[in-house]
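[1] pasting the sequence and the predicted model now:
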Amino acid sequence: MTNKKIIIKDGQSNNEIELPVLDSILGPNVVDMRSLEKNLGYLSHDPGFMATSSCESKITFIDGNEGKLWYRGYPIEELAENSNFQETAYLLLNDKLPNNKELEDFSNNISNSYNVDPSIRKIIEVFNKDSHPMAIMTACLSYLSAKYHAEIDIKDKEYRYKSTINLISAVPIMSAWILNYILNKDFQEPKKDKSIAENFVNMSFPDLTKEQKEMSAKAMDIIFLLHADHEQNASTSTVRLSGSSETSPYAAIAAGISTLWGPTHGGANEAVINMLEEIKNSDKGVEYYINQAKDKENSFRLMGFGHRIYKNYDPRAKIIQKIAHEYLDGLSNDNPNKPLFDIAMKLEKYALEDDYFVSRKLYPNVDFYSGIVLKAIGIPQSMYTVVFALARTVGWVTHWNEMIEDKNFRIGRPRQLYTGKNKTSYKDIKDR
Ligand code: ACO
């Protein structure tokens, strides 16, 4: 802690207090508001958490102005280039890159937990085939929270490690099973010697050739890595708040999945594909849609553009654009997904040269290209957010562990500005 302080003076009572400033390693320092109510009688008010740090964290840092993202201090570009999803999961969880032995043990622990309870398949089969897969996924997590309820002991490191590994292993298997079900395929078994991405692809698309499986697993692995964490977003904050009541980690992750499902959080890549398909099937051309997006009288927005934190190119979008190139170039020339990619590139070129988008700092976000790759791999649109959840489970459990180990760990309990009816008395119904 520094000696820096912020002084707040109450203009009415003339009382003043000094609030300590806590130093960050990267990003703005924060004002410790905890003594505000005790010493001055006020609460701080910040709907939407626009200027509120909800916790101390050592996991991920985003520089929105520069368009940069680091996991445990490592730039996302270097991890995408040199690492893989499982090694990155180890890094996020353990705050260090593993040596060979550590990575091998970690991977073995994950593959030993691939044997997910087959009763989950019965849960999946209860749903209509056209049910949203995110709803099915929360039901699967609900089943696991019941199954492991008796052993909850969140203060025990071993319990936390076991449930962490269980969740990282089980969510991808259950995702593949949901995909099997909605595509009318038999439930596939995971293989112990395969990575999470390989198993997900092999189980989801058993009919692909060996080469196709390898190519899709490579693309999928990077997509998982890029989605593994993104600091205190809505779903991660939900997992922290839910987990702060000391509930089951499976239940806390189910809460995170429910939050991720919403269209302003995890669902935009579906909307991008709808938009690209519409442009492809229309004869109006890309410029027409750019003008629609600029027109304030029109509700149309360029989907996959803009971000609350990034006021620059989302670094994940750059990497996914490269994967889209590699993946689609690797497919045959007449692949139906190529025109969508061409339209996306044209849209991006127009937008990046247009003053409307430049002046508002609207750049492609992660969703702009991810849907194109997922579509080319063959993932149905309704499953895109499940893929996101599968990857983000790593970030969620990392934050859950960090929160419980925090010396300031306590139940999360926001306060409020009450503007309702003043104190009053009950009136008998005949007197109302
Ligand atoms: N197309 C056209 N105009 C846009 C777009 C867009 N995609 N995004 C923002 N703008 C304009 C707004 O109209 C506004 O213009 P104004 O200042 O003239 O009124 C200005 O840019 C600022 O936009 P806000 O909506 O205030 O920005 P906010 O930070 O609240 O919203 C959001 C960010 C929701 C991502 C927005 O940019 C958007 O709707 N984008 C399209 C949907 C999308 O891609 N979402 C995925 C986000 S990434 C993720 O969550 C994983």
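    Ah, there it is. Remember, it's a predicted structure, so these values are computed and weren't measured experimentally.

[2] which elements pack onto the one helix or strand residue 253 maps to?
    Using DSSP states H and E, the element containing residue 253 is helix 249-260. On a contact count with 3 or more Cβ pairs under 8 Å, 6 or more residues apart in numbering; DSSP states H and E, helix 249-260 meets helix 133-147, helix 157-182, helix 234-243, helix 384-405. Every residue, glycine included, has its C-beta placed from N, CA and C.

[3] do that helix and the ligand come into contact?
    No - Helix 249-260 lies apart from the ligand when judged by Cβ under 6 Å from any ligand atom; the minimum separation is 9.3 Å.

[4] what's in contact with that helix?
    Here helix 249-260 makes contact (Cβ atoms under 8 Å, 6 or more residues apart in numbering) with 134, 137-138, 141-142, 144-145, 148, 154, 160, 163-164, 167, 171, 234-236, 238-239, 242-243, 265-266, 385, 388-389, 392-393, 396-397, 400.

[5] go again using 7 Å as the cut-off
    134, 137-138, 141-142, 144-145, 148, 163, 167, 234-236, 238-239, 242-243, 265-266, 385, 388-389, 392-393, 396-397, 400 (Cβ atoms under 7 Å, 6 or more residues apart in numbering).

[6] what about residue 10, how many neighbours?
    As a burial measure, residue 10 scores 13 neighbours (other Cβ atoms under 10 Å).

[7] residues touching it, list them.
    Residue 10 neighbours (Cβ under 7 Å, 6+ apart): 16, 40.

[8] and if you look at residue 103?
    87, 90.

[9] neighbours around whichever residue of the stretch 301-432 of the chain sits closest to the ligand, how many?
    Proximity of the stretch 301-432 of the chain to the ligand (Cβ to the nearest ligand atom) peaks at residue 306, 2.1 Å away. Residues within reach of residue 306, counting by other Cβ under 10 Å, total 20.

[10] buried residues, the helix holding residue 253. List them.
    Using 16 or more other Cβ atoms under 10 Å as the burial criterion, the residues of helix 249-260 that qualify are 249, 250, 251, 252, 253, 254, 255, 256, 257, 258, 259, 260.

[11] same check, this time on stretch 28-45
    For stretch 28-45, using 16+ other Cβ under 10 Å, the buried residues are 30, 31, 33, 36, 40.

[12] how distant is that stretch from the center of its chain?
    Counting by Cα atoms, centre = their mean, to the nearest Å, stretch 28-45 is centred 30 Å from the centre of its parent chain.

[13] now swap in stretch 112-120 and tell me
    With Cα atoms, centre = their mean, you get 24 Å for stretch 112-120.

[14] and the contacts of that stretch?
    140, 143, 147, 165, 166, 169, 170, 173, 174, 177, 190, 192.

[15] and the nearest residue to the second one once chain neighbours are set aside, what pLDDT?
    This points to residue 143. Closest residue to residue 143 apart from its sequence neighbours, by Cβ to Cβ, 6 or more residues apart in numbering: residue 123 at 5.2 Å. For residue 123, the pLDDT comes out at 97.

[16] the strand or helix carrying residue 123 vs helix 157-182, what angle?
    For residue 123, the enclosing helix or strand under DSSP H and E is helix 119-126. Helix 119-126 runs at 40 degrees relative to helix 157-182, counting by axes from the mean of the first three to the mean of the last three Cα atoms, to 10 degrees.

[17] neighbours of residue 352, how many?
    Residue 352 has 14 nearby residues by other Cβ under 10 Å.

[18] what do you get for the one 3 residues further on?
    Residue crowding around residue 355 was assessed by other Cβ under 10 Å; the count is 8.

[19] so what's it scoring on pLDDT?
    96.

[20] next: residue 265.
    pLDDT, residue 265: 85.

[21] for residue 221, same thing?
    So residue 221 comes in at 97 (pLDDT).

[22] so it sits in a helix?
    Yes - assessed by DSSP: H, G, I helix; E, B strand; the rest coil, residue 221 belongs to a helix.

[23] how about it, nearest residue that isn't a chain neighbour?
    Per Cβ to Cβ, 6+ apart, closest to residue 221 is residue 197, 3.7 Å.

[24] mind putting the helices and strands packed on helix 249-260 into a markdown table with mean pLDDT?
    As requested, these are arranged in a markdown table below (pLDDT from 0 to 100):
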| stretch | mean pLDDT |
| --- | --- |
| helix 133-147 | 97 |
| helix 157-182 | 98 |
| helix 234-243 | 98 |
| helix 384-405 | 97 |
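
[25] deepest-packed of those, please.
    helix 384-405 (a mean of 25; mean count of other Cβ atoms under 10 Å).

[26] name the helices or strands packed onto that helix?
    When contacts are defined as 3 or more Cβ pairs under 7 Å, 6 or more residues apart in numbering; DSSP states H and E, helix 384-405 packs onto helix 85-94, helix 133-147, helix 157-182, helix 210-227, helix 234-243, helix 249-260, helix 367-377.

[27] at 8 Å what do you get?
    Using 3+ Cβ pairs under 8 Å, 6+ apart: helix 384-405 touches helix 85-94, helix 133-147, helix 157-182, helix 210-227, helix 234-243, helix 249-260, helix 268-281, helix 367-377.

[28] what's in contact with the first one?
    So that's helix 85-94. So helix 85-94 is in contact with 59-60, 71-72, 74, 79, 83, 97-98, 102-103, 106-107, 110, 164, 168, 195-197, 221-222, 224-225, 228-229, 391, 394-395, 397-398, 401, going by Cβ under 8 Å, 6+ apart.

[29] with distance to residue 322 added, can I get the helices and strands packed on helix 384-405 in TSV?
    Formatted as TSV, the helices and strands packed on helix 384-405 follow (distance: least, Cβ to Cβ, whole Å):
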stretch	distance to residue 322
helix 85-94	17
helix 133-147	28
helix 157-182	24
helix 210-227	9
helix 234-243	26
helix 249-260	25
helix 268-281	17
helix 367-377	9
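
[30] give the helix, strand or coil label for residue 116.
    Going by three-state DSSP: residue 116 is coil.

[31] got the domain ranges for this protein?
    5-53, 85-206+232-261+383-405, 268-377 (automatic domain parsing).

[32] lowest average pLDDT across those domains?
    When I compare these, domain 268-377 is least confident, with a mean of 90.

[33] what about that domain, start to end distance?
    Start to finish, the residues bounding domain 268-377 are 18 Å apart (Cα to Cα, to the nearest Å).

[34] repeat for stretch 5-20
    End-to-end distance (Cα to Cα), stretch 5-20: 5 Å.

[35] offset the numbering so it begins at 41, please.
    Yep, numbering from 41; the last one is stretch 45-60 now.

[36] before we move on, back to that, can you say which of the domains of the chain is nearest to residue 470?
    In this view, these are compared for proximity to residue 470 by Cβ to Cβ, and domain 45-93 is the closest at 39.9 Å.
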